[in-house]
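In: Kindly generate the corresponding structure for this input.
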Amino acid sequence: MSKFKFLLIVIFLFTSQSFASEVILYDASLDTQLPNEQTSYFALFGSGTQSYMTDGSDEFTRYNTLPDTSTIFGYNTTQFLLDRSLGYTFSFTMRVVSETNVNDNRSCFNIVLYSTDEWGIMFYFQPDEIMTSQADFGGYPKAESTTYNTTSFVDYDIVVLGDIYTLYANGSQILTGDLKNYVADLVSKGYSTAYPRLRIGDATSGASGIADISFMQLSGDGVTLPVEPTPIPEPLSVGLVLLSVGGLVLRRAKK
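Out: As a prediction, this is how the structure comes out:
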């Protein structure tokens, strides 16, 4: 095989690889800004309070919806397309500091992820339990759950692929189950079809409390970003570089 043919094969194999999208939504270690200030991805909802804090070992944003359980607060984003067939991961680091609960199926820290086709998952993080909700706006009863201490900082990953979600805590799987179609349930009851792709915070009147967030990130082939992610070599650009290098190799070989 000639050197030129070999080089073309190498270029084809390299440039045919897909690059997963990745974007850091919030990193408290970078500066003293709040999640809605550090990037333009988030919009605030609710009337709770938030503040940047450090305890000597960790930097984080703390939000507070105490003492009234009707107070809500958190962060929404609609700027991403999330394709569950390709897969995506929401990674975050958080802890529940305190909570007042008037509904056993609610918490002051909850997450909702909606794929582009409206299938998603809704999580509630209580101090000693993590649960998901069924797609039933009549009360969103508990679906899957696991006993887990959320009062210390933990690195969580919610992995969505196909019809399944999986929750990891510090790299270990702790919960998995089927995705739900909450939007279809809401629409069937006359509610709006416009919902965020990602919502983090206290969006329930069944609990109030204090929670800390230090990191949030979306990643995976199923993530379409509103802007370019951190610059990485584009397949075409890399191909051109390899062609240039290959040209030099061939030129030297002829000498």
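In: C-alpha only now, for contacts and for neighbours.
Out: Will do.
In: Leaving out sequence neighbours, find the closest residue to S219.
Out: Among residues not flanking S219 along the chain, E22 sits closest, at 4.1 Å (Cα to Cα, 6 or more residues apart in numbering).
In: quick one: that neighbour from Q79, how far?
Out: The spacing between E22 and Q79, counted by Cα to Cα, to the nearest Å, is 14 Å.
In: Looking at these two, which has the bigger crowd around it?
Out: E22 (19 against 16; other Cα atoms under 10 Å).
In: wait, doesn't the more buried one sit right on L218?
Out: Yes: proximity of E22 to L218 meets the contact threshold set by Cα atoms under 8 Å, at 5.8 Å.
In: For D212, identify the helix or strand it belongs to.
Out: Here D212, judged by DSSP states H and E, is contained in strand 207-220.
In: er, T204 actually
Out: Applying DSSP H and E, one finds T204 in no helix or strand.
In: Give me the phi and psi for it.
Out: In terms of degrees, to the nearest 10, the main-chain angles of T204 are phi -130, psi 150.
In: just N110 next, same as before
Out: phi -140, psi 150.
In: Please report the distance of it from I130.
Out: Relative to I130, and taking Cα to Cα, N110 is found at 10 Å.
In: rewinding a little: the strand holding D212: how far from the chain's middle?
Out: The chain centre lies 9 Å from the centre of strand 207-220; the measure is Cα atoms, centre = their mean, to the nearest Å.
In: average pLDDT across that strand?
Out: Averaging pLDDT along strand 207-220 yields 97.
In: Tell me the strands beside it, with direction?
Out: Partner strands and pairing direction for strand 207-220 (DSSP bridges) are strand 21-27 (antiparallel), strand 59-64 (antiparallel), strand 88-101 (antiparallel).
In: Can you say which of these is nearest to I213?
Out: Comparing these against I213 with Cα to Cα, the closest turns out to be strand 88-101 (4.4 Å).
In: just how off-centre is the closest one within its chain?
Out: The answer for strand 88-101 is 12 Å, by Cα atoms, centre = their mean.
In: how about the strands in the stretch 1-150 of the chain?
Out: For the stretch 1-150 of the chain, the strands defined by DSSP state E, counting those that start in this stretch cover 21-27, 43-46, 49-54, 59-64, 73-77, 81-82, 88-101, 109-114, 120-126, 129-133, 142-147.
In: So what touches the shortest one?
Out: When you say that, I think you mean strand 81-82. Applying Cα atoms under 8 Å, 6 or more residues apart in numbering, the contact partners of strand 81-82 are 88, 114-116, 197, 222-225.
In: and it, how far from the chain's centre?
Out: On Cα atoms, centre = their mean, the centre of strand 81-82 falls 11 Å from that of its chain.
In: same question, the second one
Out: Going by Cα atoms, centre = their mean, the spacing between the C-alpha centre of strand 43-46 and its chain's C-alpha centre is 17 Å.
In: Tell me the bridge partners for L161.
Out: I164.
In: Dihedrals phi and psi, G87?
Out: Per degrees, to the nearest 10, the backbone of G87 is at phi 100, psi 140.
In: quick one: pLDDT of it?
Out: Reading off the model, G87 has pLDDT 97.
In: And for the spatially closest residue to T61 that is not a sequence neighbour, the neighbour number?
Out: Closest residue to T61 apart from its sequence neighbours, by Cα to Cα, 6+ apart: Y52 at 4.5 Å. Per other Cα under 10 Å, the neighbour tally for Y52 reads 18.
In: ok, Y52 - contacts?
Out: 32-34, 59-62.
In: So which of the residues you listed wins on neighbours?
Out: Most neighbours among these, by other Cα under 10 Å: F60, with 26 neighbours.
In: So that residue is in contact with T54, correct?
Out: Yes: using Cα under 8 Å, F60 is in contact with T54, at 6.2 Å.
In: A207: neighbour count?
Out: Count around A207 with other Cα under 10 Å applied: 27.
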